[in-house]
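show me the folded form of this:
(one chain, ligands or ions: 2)
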Amino acid sequence: GRLTDPETLRQRALDALTTARDRTALLTSCVEDPELTAQHSPLMSPLVWDLAHIGNQEELWLLRAVAGREAMRPEIDGLYDAFEHARSERPSLPLLPPAEARAYAAEVRGRALDVLESAAFEGARLTESGFAFGMIAQHEQQHDETMLITHQLRRGPTALTAPDPAPAAPFTGPVEVLVPGGPFVMGTSAEPWALDNERPAHRRTVPSFFIDTTPVTNAAYQAFIEDGGYGEERWWTPAGWEHVRAHGIEAPLFWRREGGQWLRRRFGVTEVVPSEEPVLHVCWYEADAYARWAGRRLPTEAEWEKAARHDPVSGRSTRYPWGDEDPSPVHANLGQRHLRPAPAGSYPAGASPLGVRQLIGDVWEWTSSDFEPYPGFVAFPYREYSEVFFGPEYKVLRGGSFAVDQVACRGTFRNWDLPVRRQIFSGFRTARDGDA
Ligand code: AVJ
Ligand code: FE
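Ligands and ions are numbered 1, 2, ... in the order given. I've put the predicted structure just below:
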């Protein structure tokens, strides 16, 4: 049922926490301990940092802030404060070794489950509706995605395998659809585990626009490369042009040209770039340049959300493109199930009413928008969660990737990153103005 009765809430929280911890355990046990403390990339923390940080944030936000418990190990707080040390410096900190990090996270979790057992789930206050537990589960899952990125950057043989290939549905639909102009409801005040930056629900008026029915594929992106797109200044913003020149960027991250074809390394395995798969590991500058080359543009964040949530028949905004039902494996490629995006046009059951596919899952989608607060935004539980990142430095990504768990993915969920970032599981789709 919906999130109303205390036992349902408690069970939801327990399931979300357990799913997250199982994934954390997988990502930190599939390699030997020395690999947990190693620096696989200066862009990332060592895996053992993420592991103890997950436990430390759970202790801070849940045991201390909600349940009023004493600090378990106050001397380690600084080590795991993401604002105190840059990722590149974390390998040289006196971090808890793997066994201690595991034991600490497990001890925190045991106490968190005691709190869950005794928590009151009544009334309208966010903490009382289980928000703190939902937020902890989302935080852990976000770090699990971060750890999966570290695995992708890691050298050496593969440590992770996917049981099944991603499903492929032949797609013969239109390449774009027209989303009618007019108001829609953006953001949410109803979703119980929505984070502060998704709130509150508010009306936005968006003029009519066309949007791609699928994410941009590797084949389409290769056409941009073959056409000399990386060498033509006119497709790039000044900052983007300077960035690709300065860093010699000529293709998505992990791509390499050999014998006339593009190869890519994916979790330790090299393969020919699959033409029908959504392009992955491109930065905002690349997405923006491709769109200009194609005579199009990136969608704004509001356009993306309208395409994903607006039901033109009822006029309502739904939780997901397919409606209000929680995601299942027929709707979207989530949860690290396939360790890769599905071919463009897959997941017909996850399409929006207008026929836009793969908005949820597969690849994070860059939008043209800066990360800004919605009107009426209130920081919760801390300014450091979202508020300190608002401004023109960060671009918004939407929809989640194959590496996102459903607890941290919905039509309102907002991700953000710097426009140079491409180790993340990022792709995009394009848009254009509606006919006048
Ligand atoms: C929302 C993915 C940008 O990883 O920096 C994790 C999520 N916040 N710990 C990040 C987050 C605090 C955040 N992103
Ligand atoms: Fe964190």
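
rest of the way, CA atoms for contacts and neighbours
Fine.

report pLDDT for Asp326.
As predicted, Asp326 sits at a pLDDT of 97.

what's the burial count for Tyr104?
The criterion is other CA atoms under 10 Å. On that basis, Tyr104 has 21 neighbouring residues.

Pro207 against Gly434, yeah?
Yes - with contact defined as CA atoms under 8 Å, Pro207 reaches Gly434; the gap is 7.4 Å.

list the beta-bridge partners for the residue nearest to Leu280 when sequence neighbours are not counted.
Distance criterion CA to CA, 6 or more residues apart in numbering; nearest residue to Leu280, sequence neighbours excluded, is Gly427 at 4.9 Å. For Gly427, the beta-bridge partners are Glu365 (DSSP bridges).

ok, Gly427 - contacts?
By CA atoms under 8 Å, 6 or more residues apart in numbering, the contact list for Gly427 reads Pro215, Val216, Pro278, Val279, Leu280, His281, Val282, Ala287, Val363, Trp364, Glu365, Trp366.

could you rerun that using 7 Å?
Applying CA atoms under 7 Å, 6 or more residues apart in numbering to Gly427 gives the contacts Pro278, Val279, Leu280, His281, Val282, Val363, Trp364, Glu365, Trp366.

give me the buried entries from these.
Buried subset of the contacts of Gly427 (neighbour count, 16 or more other CA atoms under 10 Å): Pro278, Val279, Leu280, His281, Val282, Val363, Trp364, Glu365, Trp366.

which one of those residues is nearest to ligand 1?
Distance to ligand 1 across the buried ones among the contacts of Gly427 (CA to the nearest ligand atom) is lowest for Trp364, with 10.8 Å.

doesn't Ser401 make contact with the closest one?
Yes - checked against CA atoms under 7 Å, the pair Trp364 and Ser401 is within contact range at 4.9 Å.

what touches both of these two?
By CA under 7 Å, 6+ apart, the residues touching both Trp364 and Ser401 are Phe425.

what about the strands in the stretch 201-350 of the chain?
According to DSSP state E, counting those that start in this stretch, the stretch 201-350 of the chain carries its strands in the segments 202-206, 209-212, 255-258, 261-266, 269-272.

export those to JSON lines and append columns for mean neighbour count and mean pLDDT.
Shown next, in JSON lines, are the strands of the stretch 201-350 of the chain (neighbours: other CA atoms under 10 Å; pLDDT from 0 to 100):
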{"stretch": "strand 202-206", "mean neighbour count": "15", "mean pLDDT": "98"}
{"stretch": "strand 209-212", "mean neighbour count": "22", "mean pLDDT": "98"}
{"stretch": "strand 255-258", "mean neighbour count": "14", "mean pLDDT": "97"}
{"stretch": "strand 261-266", "mean neighbour count": "16", "mean pLDDT": "96"}
{"stretch": "strand 269-272", "mean neighbour count": "12", "mean pLDDT": "96"}
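
quick one: these as a markdown table, columns for distance to ligand 1 too.
Converted to a markdown table, these look like this (distance: least, CA to the nearest ligand atom, whole Å):
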| stretch | distance to ligand 1 |
| --- | --- |
| strand 202-206 | 21 |
| strand 209-212 | 25 |
| strand 255-258 | 24 |
| strand 261-266 | 21 |
| strand 269-272 | 26 |
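
for those strands, could you give me TSV that also reports distance to Leu95?
Shown next, in TSV, are the strands of the stretch 201-350 of the chain (distance: least, CA to CA, whole Å):
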stretch	distance to Leu95
strand 202-206	44
strand 209-212	46
strand 255-258	34
strand 261-266	29
strand 269-272	31
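
burial count for the residue lying closest to Leu47 once chain neighbours are set aside?
Of all residues not flanking Leu47 in the chain, Leu36 sits nearest, at 4.9 Å (CA to CA, 6+ apart). Using other CA under 10 Å, Leu36 has 23 neighbouring residues.

Leu36 - that's part of a helix, no?
Yes - assigned with DSSP: H, G, I helix; E, B strand; the rest coil, Leu36 falls within a helix.

now it: how far from ligand 1?
Separation of Leu36 from ligand 1 (CA to the nearest ligand atom, to the nearest Å) stands at 18 Å.

that residue: what's it in contact with?
Thr28, Pro46, Leu47, Val48.

so which of the residues you listed are in helices?
Using DSSP state H, the subset of the contacts of Leu36 located in helices is Thr28, Leu47, Val48.

of those, list those near ligand 1.
Filtering these for proximity to ligand 1 by CA under 6 Å from any ligand atom leaves nothing.
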